[in-house]
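K.L.:
with the sequence up front, the predicted model follows.
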Amino acid sequence: MSMKLIVLDRDGVINQDSDNYISSLRDWVPIPGSLEAIARLNHAGYRIIVATNQSGLGRGYLDIKTLNAIHHKIQQELSVLSAQIEAFFICPHAPDVSCRCRKPLPGLFEAIAERLQINLKEIPAIGDSFRDIQATRAVGASPKLVLTGKGKSTLAAHRDDLSDIPIHKDLADAVDTLLAN
């Protein structure tokens, strides 16, 4: 029996994405149905981990205190639904920094596997960008694309590379499919 775990990207999957970065509490707006979808996963026994590039930190658009406040707000909103995210794994680096944790590299996923002492093979991972898919594939996890956030442009730009990937309208739709199987 493998662990029931799912890895989610944050911006564009759980909350609205912004080209101007989610750099304050007021910028954080949940995508309709996403928090309820996380609650349904929790109630079905899934552990939920978020793996997110947060280059706004490295670029100086927000500080770690603000990022932690945003994640606390997410947890507060989820607690109303008797749900939670177990952990947030973040890459704080700007794109010009040579790191292994910035997706599309698999460092965040490797850190999750190491922390939880598990193999991520076949673990579902839901993202809205091609770099989410690439990082997921690199560790043998099971990528799924949502069409919220950057999802539609990702699909348009990489259709041939995504032919084997389940595509969902949004997180709620992805969770419906996952829980039906």
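P.N.:
Happy to help now that I have it. Residues are numbered from 1 along each chain as shown.

K.L.:
pull out the buried positions in the helix ranked longest in the chain.
P.N.:
In terms of residue count, the longest helix belonging to the chain (DSSP state H) is helix 64-79. For helix 64-79, burial by neighbour count (16 or more other C-beta atoms under 10 Å) applies to Thr66, Leu67, Ile70, His71, Ile74, Glu77, Leu78. (Each C-beta comes from the backbone N, C-alpha and C, glycine too.)

K.L.:
can I assume Ala174 sits in a helix?
P.N.:
Yes. Assessed by DSSP: H, G, I helix; E, B strand; the rest coil, Ala174 belongs to a helix.

K.L.:
wait, it touches Leu147, no?
P.N.:
No. Using C-beta atoms under 8 Å, Ala174 is not in contact with Leu147; the gap is 10.0 Å.

K.L.:
these two - which one has more neighbours?
P.N.:
For Ala174 and Leu147, the more surrounded residue by other C-beta atoms under 10 Å is Ala174, and the numbers stand at 25 against 17.

K.L.:
quick one: the nearest residue to that one once chain neighbours are set aside from Ala113, how far?
P.N.:
Distance criterion C-beta to C-beta, 6 or more residues apart in numbering; nearest residue to Ala174, sequence neighbours excluded, is His168 at 3.9 Å. Distance of His168 to Ala113, computed by C-beta to C-beta, to the nearest Å: 24 Å.

K.L.:
what of Arg47?
P.N.:
In terms of C-beta to C-beta, Arg47 sits 13 Å off from Ala113.

K.L.:
hang on, the earlier thing: what's the angle between the next helix or strand along the chain from the longest helix of the chain and helix 64-79?
P.N.:
Scanning forward in sequence from helix 64-79 by DSSP states H and E, the next helix or strand is strand 87-91. Inter-element angle recorded for strand 87-91 and helix 64-79: 150 degrees (by axes from the mean of the first three to the mean of the last three C-alpha atoms, to 10 degrees).
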